[in-house]
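> Pasting the sequence and the predicted model now:
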Amino acid sequence: MIKKVVGASLIGTTVEWYDFFLYGSAAALVFNKLFFPTADPLTGTLLAFTTYAIGFLARPLGGLVFGHFGDRLGRKKLLVLSLLLMGGATMLMGVLPTYASVGVLAPVLLTLLRLVQGFALGGEWGGAVLIVSEHGDPKRRGFWASWPQAGVPCGNLLATGVLAVLAAVQSDEDFLAWGWRIPFLLSGVLVVIGLWIRLSVSESPIFLAAQEKRAKEPVQEKAPALLLLKHNWREVLIAMGARFAENVSYYVITAFILVYVVTGLGLSKSVGLNAVLIASAVHLVTIPVWGHLSDRFGRRSIYLVGAVGMAAWIFAFFPLLDTRDPVLITLATTVGLVLHGAMYGPQAAFFSELFGTRVRYSGASVGYQLASIVAGALAPLIATALLQAYKSSFPIAVYVLITCVITVVAIAFAKETRGADLEEHDRVGV
């Protein structure tokens, strides 16, 4: 059963992150020309990344809404809904008219669909990792729960791979004219596959037990969000702080690198795409390894390895990119994502273990997604603005370093959660 649940979560998260990352790559490569054609390259990219960031604004709202109903109705139903919303928005992006056809309406429609993407993804992550965490053995929870996390590099690998193939077989003119639409339309096929597998899994047994117990209680309980604010605000803040270095470093390494390589270094977009492609394949393999290590050595210690390692590596990352050597660029990206995996691998189990069953979907989702607004949403935007202002990558490295310090402080305030019994572990009385 656990393997079936893990497979369903992994495939579903892969589809959803494929959709989400596809937008980020397109924002770096083509949206500045197609939807913001009147600006110079870096300013156009800033505008494209602004619409990219807007999607993050909807993620906490999605986390709150999906968390509320996920804590009340179950994890499975909400996971199916999130997949349909994300896939539908991505397919519609593939048929959007550009600025040349409808003027300012084009970026407005793009932004609206991006908001739907963000809302759907806000509810996806919490449900996917919780349904695995609540099915699994506490002794191996870090390993099993890390597999939905691997959906992130899977999705990025798929999105970057499709774009890399198109970039290799098409001219820049054809890619700009119509080729960029193909990956967005392919999302429809992936959604059908994801739904077929996701509908086959059973609901979380821990949730069903909590729901049965709740039904016998004479007094109607408060909404999960209110319980969360009253009893678990500290855990929400810890989750947010833990997200900073992980979230910012990831988008600098995988999204901003395309801007830096193409606009900053004057190299072909294939160099950046291929580096991210290879690094994402390694990332995919190492995330479960880090999750397994967190079962042995604790969530906090492995998380700190990633945060401290990233603080040091970011100062080697940009000098390696500046060599313009594709091999060294790939090395820089790969090591960066391996260190990111040390934070991301244990994260699913760690966040699940912070909250009780009645507020677990809400708590994990809200803590995870609130940080996204000020971390991942702004990372490519801030990095691009710093590059434009200083013509140097050093301020970007300092920016990533600051986020690593925030994460280290948050982890220092957290208690070790490895091996917690989710059925018994509850801070609000389940």
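Alright, I've got the coordinates. Predicted model, so just to flag it, every value in this text is computed and none were measured.
> Need phi/psi at Ala281.
Reported as degrees, to the nearest 10, the phi and psi values for Ala281 are phi -60, psi -40.
> thought it was touching Thr160?
No - in this structure, Ala281 is not within contact of Thr160 by Cβ atoms under 8 Å, at 10.0 Å. Heads up, the C-betas are built off the backbone N, CA and C, glycines and all.
> who has more neighbours, those two?
Thr160 (29 against 17; other Cβ atoms under 10 Å).
> Give me the below-cutoff pLDDT ranges for the stretch 101-250 of the chain.
Residue ranges of the stretch 101-250 of the chain with pLDDT under 70: 136, 214-222, 224-225.
> which stretches of it form helices?
Using DSSP state H, counting those that start in this stretch, the helices of the stretch 101-250 of the chain run over 105-133, 141-149, 151-169, 172-174, 181-198, 205-215, 224-231, 233-251.
> can you redo these as a markdown table with distance to Val405?
As requested, those are arranged in a markdown table below (distance: least, Cβ to Cβ, whole Å):
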| stretch | distance to Val405 |
| --- | --- |
| helix 105-133 | 25 |
| helix 141-149 | 23 |
| helix 151-169 | 24 |
| helix 172-174 | 41 |
| helix 181-198 | 37 |
| helix 205-215 | 35 |
| helix 224-231 | 27 |
| helix 233-251 | 8 |
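> Out of those helices, the one nearest Thr90 is which?
helix 181-198 (4.1 Å; Cβ to Cβ).
> buried stuff in that closest one?
Arg181, Pro183, Phe184, Leu186, Ser187, Leu190, Val191, Gly194, Leu195, Ile197, Arg198 (16 or more other Cβ atoms under 10 Å).
> How about stretch 16-34?
Those would be 16-34, for stretch 16-34 by 16+ other Cβ under 10 Å.
> That stretch - what's its average pLDDT?
Throughout stretch 16-34, pLDDT has a mean value of 78.
> Contacts only, for Val129.
Ser9, Ala145, Pro148, Gln149, Ala348, Ala349, Phe351, Ser352, Ala364 (Cβ atoms under 8 Å, 6 or more residues apart in numbering).
> what pLDDT does Leu337 get?
96.
> burial measure for it, as a count.
26.
> cool, the one 4 residues further on as well?
Other residues within reach of Gly341 by the criterion other Cβ under 10 Å amount to 30.
> Tell me the secondary structure at it.
helix (DSSP: H, G, I helix; E, B strand; the rest coil).
> Just name the most buried of the helices of the stretch 101-250 of the chain.
helix 141-149 (a mean of 29; mean count of other Cβ atoms under 10 Å).
> Show me what that one is in contact with.
So helix 141-149 is in contact with 2, 6, 9-10, 13, 125, 128-129, 132-133, 135-137, 287-288, 290-295, 299, 344-349, 352-353, 418-419, going by Cβ under 8 Å, 6+ apart.
> Over to stretch 107-122?
Against stretch 107-122 from outside (Cβ under 8 Å, 6+ apart): 16-17, 19-20, 23, 31, 35-36, 47, 51-52, 54-66, 82-83, 85-86, 88-90, 92-93, 96-97, 99, 365, 369.
> let's see it at 7 Å
Contacts of stretch 107-122 with the rest of the structure, by Cβ atoms under 7 Å, 6 or more residues apart in numbering, involve 16, 19-20, 23, 35-36, 51, 54-63, 66, 82, 85-86, 89-90, 92-93, 96, 99, 365, 369.
> Same check on stretch 290-297?
Contacts of stretch 290-297 (Cβ under 7 Å, 6+ apart): 139-143, 145-146, 302, 341-342, 345-346, 349, 418.
> Also stretch 382-397?
The contact list for stretch 382-397 (Cβ under 7 Å, 6+ apart) reads 42, 45-46, 49, 252, 256, 259-260, 264, 314-315, 318, 399.
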